[in-house]
Structures are given as C-alpha cells and as structure tokens.
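Visitor: Return a 3D structure for these sequence lines:
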Amino acid sequence: MRNEAVAWRGCARQMWSLLEQGNRRWAAGKSAHPHQDPRRRRQVASGQEPRAVVLSCIDSRVPPEVIFDVGLGDLLVVRTAAHTLDSLVTAAVQYGPQDLRASLVVVLGHQRCGAVTAAARALRRQVVLPGELPAIVAALEPAYATSNGRVEPMVHAHIRRTVSRLRADPLLHGSATVIGAHYSLDTGLVSRVS
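Guide: Residues are numbered from 1 along each chain as shown. This is a model prediction of the structure:
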C-alpha cells in the first residue's frame with residue numbers, strides 16, 4: 001500500500017488549505033464569493049482545471065461550492081445520497097484526477113444526514129424502503145453495523161469507509177490524495193476526519 005506521506009503532495013495540501021480558509025470565511029459570515037462573476041464564467045467557458053473533487057451528499061444544506069466559498073471551475077462536485085458509491089459515481093470521481101489532474105479528492109459527510117437517518121431507521125425496524133432507496137440502505141449497512149445504528153457515528157464510519165474504498169481504487173492510487181471531512185450544520189465548519 002502507498003505511503004500516505006508520499007501521497008500528501010504539496011498541491012493537494014495547498015488545495016485543502018484553500019478549502020479550509022474558504023470554509024472558515026463561510027462559517028464566520030465573511031464569504032468572499034470568488035470566481036462568481038461574468039469574467040470567471042468567460043475564463044472557464046472553454047475548459048476547466050479544478051484542483052479538487054468533492055464527493056458529498058445531495059442534502060440541500062451542504063452545497064460544497066458555498067461552504068468552501070469557491071466559485072466556477074474551482075471544484076468538480078459529485079453528489080449522491082450520503083456520498084454513496086456505485087460504478088457511475090466512482091467513474092465521476094476518477095474523472096477529476098485522471099482527465100483534469102485534480103490532486104485532491106474530499107469525501108464530505110455531514111451532521112444529521114437524512115439518508116443516513118433513513119437507512120438507520122429502515123435497518124433498525126427491518127423495513128424495505130420503496131423504489132431504489134434500498135440501494136442506499138445497502139450501501140450504508142456496513143457503517144450501521146460498526147456504529148450500533150447511531151446516526152452521527154454512522155456518518156463518520158461511512159466517511160472513513162468511502163475514503164478507504166477510494167484510496168484503494170487503482171485509478172486514484174498515486175494520482176490523487178483522498179481525505180475525509182465532516183460538515184457541521186450547527187457551526188458551518190468542516191473538520192478533517194481521515
């Protein structure tokens with residue numbers, strides 16, 4: 001397995017630092033709203049060079065561009081319920097480092113995740129949810145098993161599990177640094193998990 005110190009390259013470290021700074025501005029109510037004007041729109045119209053991929057939840061309260069105070073072309077964002085993975089989602093994450101040379105992949109979970117809460121409830125009550133929702137429950141079952149069904153520990157367990165899976169991905173191995181982070185709905189702050 002790759003030495004994580006080697007993987008934590010300067011570019012990825014710098015990108016994470018910029019995301020942390022943006023998040024602190026956001027949480028303090030001092031967002032700069034960079035790269036959100038017509039000039040930037042014209043600048044990125046012919047191509048993109050995001051330096052980070054963020055895999056996050058579809059929750060309407062957790063838009064990565066807003067909570068990291070970035071703008072057009074800064075992030076490649078992939079969103080699914082509770083940042084669950086399947087082959088299409090994994091391919092979207094792989095696209096950032098493989099084709100766009102993004103050096104950082106952030107798996108972003110969040111406090112009071114509705115998908116995690118629904119999955120925990122379904123597993124606890126042993127009920128089958130309608131439609132395609134059982135796929136989300138199945139993806140979250142390993143985190144449920146390691147957290148005694150408690151939602152917040154389940155969120156953290158799922159972040160770590162997703163990070164582990166992406167770090168083991170052959171296309172991401174050596175091309176990007178994968179880290180986990182958690183967003184607090186209460187404070188607006190993102191903290192690193194793994």
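
Visitor: Restricting to C-alpha, output stretch 171-180 in PDB.
Guide: The C-alpha coordinates for stretch 171-180 follow below in PDB (Å, rounded to 0.1, in the frame of the first residue of the first chain):
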ATOM      1  CA  LEU A 171      -7.100   4.800 -11.000                       C
ATOM      2  CA  LEU A 172      -6.900   7.100  -7.900                       C
ATOM      3  CA  HIS A 173      -3.900   5.300  -6.400                       C
ATOM      4  CA  GLY A 174      -1.000   7.500  -7.000                       C
ATOM      5  CA  SER A 175      -2.900  10.200  -8.900                       C
ATOM      6  CA  ALA A 176      -4.700  12.000  -6.100                       C
ATOM      7  CA  THR A 177      -4.800  12.300  -2.300                       C
ATOM      8  CA  VAL A 178      -8.100  11.200  -0.800                       C
ATOM      9  CA  ILE A 179      -9.300  12.600   2.500                       C
ATOM     10  CA  GLY A 180     -12.500  12.500   4.600                       C
END
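
Visitor: Name the residues of that stretch that are buried.
Guide: For stretch 171-180, a neighbour-count test (16 or more other C-beta atoms under 10 Å) marks L172, S175, A176, T177, V178, I179, G180 as buried. Every residue, glycine included, has its C-beta placed from N, CA and C.

Visitor: what's the answer for stretch 183-194, then?
Guide: Y183, V190, V193, S194.

Visitor: before we move on, back to that, go through the buried residues of stretch 171-180 and name the one nearest R13.
Guide: For the buried residues of stretch 171-180, the closest approach to R13 (C-beta to C-beta) belongs to T177, at 7.9 Å.

Visitor: in this structure, which spans are strands?
Guide: 52-57, 75-80, 104-110, 177-183, 190-192 (DSSP state E).

Visitor: a markdown table for those, including mean pLDDT?
Guide: Shown next, in a markdown table, are those (pLDDT from 0 to 100):
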| stretch | mean pLDDT |
| --- | --- |
| strand 52-57 | 98 |
| strand 75-80 | 98 |
| strand 104-110 | 98 |
| strand 177-183 | 98 |
| strand 190-192 | 98 |
